[in-house]
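Asker: no FASTA, just this:
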């Protein structure tokens with residue numbers, strides 16, 4: 001099992017800290033660093049900075065939002081980032097949610113699976129330097145020009161470093177996970193619980209078909225909080241969990257709340273959401289159950305973390321992407337080193 005760093009949204013907790021953690025991850029031998037975007041900083045700018053400051057570590061978007069860019073633009077961007085990083089880029093994509101898609105980008109959220117399938121087809125065509133033509137409902141290329149005549153199909157001008165850039169899908173729910181297995185090179189998982197992984201693995205296998213899971217990268221982004229007091233460790237992660245379970249989306253459409261309920265925390269997830277959406281964020285945070293945090297995080301001293309790493313590896317995870325939690329940069333950097341040490345002890 002490889003290690004990655006999930007930087008999250010750059011700038012939300014101090015601009016210099018996540019970038020410094022990315023450099024520290026490379027120093028510690030981590031395999032990849034992932035940058036996210038929502039409606040703040042964009043992933044591409046952050047990854048461009050890292051491409052210029054690093055030499056070995058992989059660079060991934062987790063995720064570039066599908067409603068934010070045309071597929072041709074994403075193909076251009078992926079080819080450019082891959083060239084700037086000497087072939088280290090991994091393209092993670094996601095449809096986001098209805099609030100961000102419609103509220104921020106002005107793009108209708110409907111039929112996300114069909115749009116994702118078409119989107120990736122066009123992106124891969126661009127990177128291969130095909131003459132891009134796509135007869136799709138969502139991304140027809142080229143569009144008709146003046147007088148009804150078709151626009152001119154085009155080919156990427158630059159020559160990419162690689163003909164195929166690894167594509168990852170952030171997916172929650174049976175149909176989305178099945179689609180990731182079918183059309184992507186990897187799955188970006190959040191709130192992955194090893195004890196409940198069998199269903200997700202079955203959906204991935206269904207999507208993969210005869211290809212199986214060999215060579216398919218299952219990436220779990222996992223909060224890490226190091227210390228001897230498990231309750232104190234969980235407290236550092238509790239606000240993060242409350243944000244996703246309670247506030248990431250609307251009452252009708254919150255994928256992470258549904259995921260918490262699927263893990264057996266039906267009542268607790270409803271309470272956290274009710275409080276969060278009522279503006280009582282501190283009360284919502286206090287209601288996040290320890291079990292949910294512990295099942296989906298790495299908590300405790302190094303030997304306990306090593307045991308948990310074995311559980312994540314046994315559940316199919318091939319890249320564990322650390323989300324460090326602590327009160328200072330020094331604590332977060334130390335947690336990266338602790339997980340690297342734990343992985344060595346786990347002998348996975």
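Answerer: Happy to help now that I have it. These figures come from a predicted structure and were not determined experimentally. Numbering: from 1, shown residues only.

Asker: Which of the helices or strands spans the nearest residue to residue 333 once chain neighbours are set aside?
Answerer: Leaving aside its sequence neighbours, residue 333 sits nearest to residue 24 (CB to CB, 6 or more residues apart in numbering; 5.0 Å). For the C-beta atoms, the positions are set from N, CA and C on the backbone; glycine is no exception. Assigned by DSSP states H and E, residue 24 belongs to helix 16-27.

Asker: about what we covered before: report the separation between the residue nearest to residue 333 and residue 91.
Answerer: The span separating residue 24 from residue 91 equals 24 Å under the rule CB to CB, to the nearest Å.

Asker: quick one: buried residues of the lowest-mean-pLDDT helix or strand in the chain?
Answerer: Lowest on mean pLDDT, DSSP states H and E among the helices and strands of the chain sits helix 98-103, with a mean of 90. Residues of helix 98-103 classed as buried: 98, 100-101 (neighbour count, 16 or more other CB atoms under 10 Å).

Asker: quick one, longest strand in the protein?
Answerer: Criterion DSSP state E: the longest strand present in the chain is strand 217-226.

Asker: does residue 299 count as helix, strand or coil?
Answerer: The three-state label given to residue 299 by DSSP: H, G, I helix; E, B strand; the rest coil is strand.

Asker: on that earlier part again, please identify the pairing partners of the very next helix or strand once past the helix holding residue 24 and their relative orientation?
Answerer: Counting by DSSP H and E, the element after helix 16-27 in chain order, helix or strand, is strand 32-35. Applying DSSP bridges, strand 32-35 is found paired with strand 2-6 (parallel), strand 58-61 (parallel).

Asker: neighbouring contacts of the helix or strand following the least confident helix or strand of the chain?
Answerer: Per DSSP H and E, the first helix or strand lying C-terminal to helix 98-103 is helix 112-127. The contact list for helix 112-127, computed with CB atoms under 8 Å, 6 or more residues apart in numbering, reads 66, 71-72, 74-76, 78-79, 91, 93, 95, 132, 134, 136-139, 141, 156, 160, 162-165, 167, 169, 175-176, 179, 183-184.

Asker: now swap in stretch 244-253 and tell me
Answerer: Here stretch 244-253 makes contact (CB under 8 Å, 6+ apart) with 97-99, 190-191, 254-257, 260, 269, 272-273, 275-277, 281, 284, 288, 292.

Asker: Try it again at 10 Å.
Answerer: The contact list for stretch 244-253 (CB atoms under 10 Å, 6 or more residues apart in numbering) reads 38, 96-100, 109, 190-191, 242, 254-261, 265, 268-281, 284-285, 287-289, 292.
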